[in-house]
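**Q** What would the 3D arrangement of this be:
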Amino acid sequence: MASTTTARALVVPHTGDSSVLEVRDVEVAPPGQGEVQVEVAAVGVNFIDVYQRQGVYAIPTPFVSCSEGAGTVTAVGPGVTDCAVGDRVAWGSGLGAGASVVNRDADTVVPVPSGVELDVAAAAMLQGMTAHYLVNSTYAVGPGTTALVHAAAGGVGQLLVQMIKAKAGRVIATAGSPDKLEIARRLGADAVINYREADDLAGTVREANGGAGVDVAYDGVGKATFDASLESLRPRGLMVLFGGASGQVPPFDIQRLNALGSLFLTRPTIASYTATREELLERGTSVLGDIAAGRLSIEIGGRYPLTEAATAYDDLEGRRTTGKLLLIP
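**A** This next block holds a predicted model:
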């Protein structure tokens, strides 16, 4: 009978702030039916981890944190036909990624092209596929589309700017410092706004768009920018709330959508946009393929050992970073 493997894992013993995080030794069983076992090279740091740790997304504790990673397959379970030992794979969702060795459902991993390093693949999966579905499916960006992108120097923000520009759209980007605005500008943003200095953020967005509202607002900041995002839209524009970095948006009167011009509002999640194996592969291979071909760049803003995970999350939540943060098991 195959033996278990001891791994180091980032555990949430109970809900709370980053101080509750613990690194523990855990036993990982051999891969089961339809599973692959992966030696993890890098783990993505994401706000969904924060929401799960805080209890915003209710998960029974204790649990191994993190949803995104990349590594090398070291064993395959019964019934696995499209993965082999030695394959390099990455994934963007599913709890338990924050460990040195993990078992993954083979249907949830995407092959990593030879031209992409594993840490870059780990940095690209969740945020890359998020940006991919946001500009292709949630709102089909095309020539002439004007999009508002908040936190444009963050992980998803940088990818949104690049993908919108690749589709010949126009980007109005916001960020909170001159350095972050310069990142957005360098990636192709047509107009940049320091939201900390804008007394009337929606008015400033409209001014940057010749007085008109934007077609779509991509808002992963949440509470602090939600109202301004709504007020920045043209009639029948789409408000895409895909995160809450500044806090969760409280309930509001949906008649506001009427008053502001028959607006649309959606709160998408990646699970709904990678619901089938085919859709997951389409998005994952598209993102990784664009990176391999040099059409899409990923900025890794920091690498932290597993034992410094609390610092990584404090940096993320404090919005002190640009690009993507990684944990190295």
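
**Q** Show me where the stretch 151-300 of the chain has its strands.
**A** All strands of the stretch 151-300 of the chain, identified by DSSP state E, counting those that start in this stretch, fall at 170-175, 191-194, 214-219, 233-241, 264-266, 300-305.

**Q** Nearest to Gly318, out of those strands?
**A** strand 300-305 (12.5 Å; Cβ to Cβ). Bear in mind the C-beta positions are built from the backbone N, C-alpha and C, glycine included.

**Q** on contacts alone, who are the packing partners of that closest one?
**A** helix 118-133, helix 309-317, strand 324-328 (3 or more Cβ pairs under 8 Å, 6 or more residues apart in numbering; DSSP states H and E).

**Q** in it, what counts as buried?
**A** By neighbour count with 16 or more other Cβ atoms under 10 Å, strand 300-305 contains the buried residues 300-304.

**Q** quick revisit: with Thr5 as the reference, name the closest of the strands of the stretch 151-300 of the chain.
**A** Using Cβ to Cβ, those put strand 300-305 closest to Thr5, at 19.8 Å.

**Q** May I have the closest one exported as PDB, CA atoms only?
**A** C-alpha atoms of strand 300-305 as PDB (Å, rounded to 0.1, in the frame of the first residue of the first chain):
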ATOM      1  CA  ILE A 300       5.400  39.400  -9.500                       C
ATOM      2  CA  GLY A 301       5.400  41.900  -6.800                       C
ATOM      3  CA  GLY A 302       6.800  39.700  -4.000                       C
ATOM      4  CA  ARG A 303       7.700  36.200  -3.000                       C
ATOM      5  CA  TYR A 304       7.300  35.100   0.600                       C
ATOM      6  CA  PRO A 305       8.200  31.800   2.400                       C
END
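
**Q** List the pairing partners of that strand within its sheet, with orientation.
**A** Here strand 300-305 has these sheet partners by DSSP bridges: strand 324-328 (parallel).

**Q** Check which residues of the partner strand are buried.
**A** For strand 324-328, by 16+ other Cβ under 10 Å, it's 324-327.

**Q** what sits up against it?
**A** With Cβ atoms under 8 Å, 6 or more residues apart in numbering as the test, strand 324-328 has contacts from 10, 41-45, 66, 98, 119, 122-124, 127, 155, 298-306, 309, 312, 315-316.

**Q** what stretches of this protein score poorly on pLDDT?
**A** For the chain, applying pLDDT under 70 flags the ranges 1-2.

**Q** Which residue ranges of it form helices?
**A** For the chain, applying DSSP state H gives helices covering 47-54, 118-133, 155-166, 178-186, 201-208, 226-231, 255-259, 270-273, 277-292, 309-317.

**Q** Ala70 is nearest to which of those?
**A** helix 118-133 (3.9 Å).

**Q** so who does the spatially most central residue of the chain touch?
**A** By Cα atoms, centre = their mean, the mean C-alpha position of the chain lies nearest to Gln127, the distance being 2.9 Å. Contact analysis of Gln127 by Cβ under 8 Å, 6+ apart lists 44, 46, 155-156, 159, 324.

**Q** between the buried residues of strand 324-328, which is nearest Arg277?
**A** Nearest to Arg277, judged by Cβ to Cβ, of the buried residues of strand 324-328 is Lys324 at 25.1 Å.

**Q** neighbours of the closest residue to that closest one other than its chain neighbours, just the number please.
**A** Excluding its sequence neighbours, the residue lying closest to Lys324 (Cβ to Cβ, 6 or more residues apart in numbering) is Ala123, at 4.0 Å. Neighbour count of Ala123, defined by other Cβ atoms under 10 Å: 29.

**Q** Ala123 contacts Ala42, correct?
**A** Yes: at 7.3 Å, Ala123 counts as touching Ala42 under the criterion of Cβ atoms under 8 Å.

**Q** Tell me the bridge partners for Gly323.
**A** Using DSSP bridges, the beta-bridge partners of Gly323 come out as Gly154.

**Q** do you know how far it is from Glu68?
**A** Remark: distance between Gly323 and Glu68 (Cβ to Cβ, to the nearest Å) = 14 Å.

**Q** which one of the two has more residues nearby?
**A** The residue with more neighbours, out of Gly323 and Glu68, is Glu68; 31 against 20, by other Cβ under 10 Å.

**Q** For the closest residue to the more buried one other than its chain neighbours, which residues are in contact?
**A** Among residues not flanking Glu68 along the chain, Gly44 sits closest, at 3.3 Å (Cβ to Cβ, 6+ apart). Contacts for Gly44 (Cβ under 8 Å, 6+ apart) come out as 66-69, 92, 97, 122-123, 125-127, 324-327.

**Q** Across the sheet, point out what pairs with Gly44.
**A** Beta-bridge pairing of Gly44 under DSSP bridges involves Leu326.
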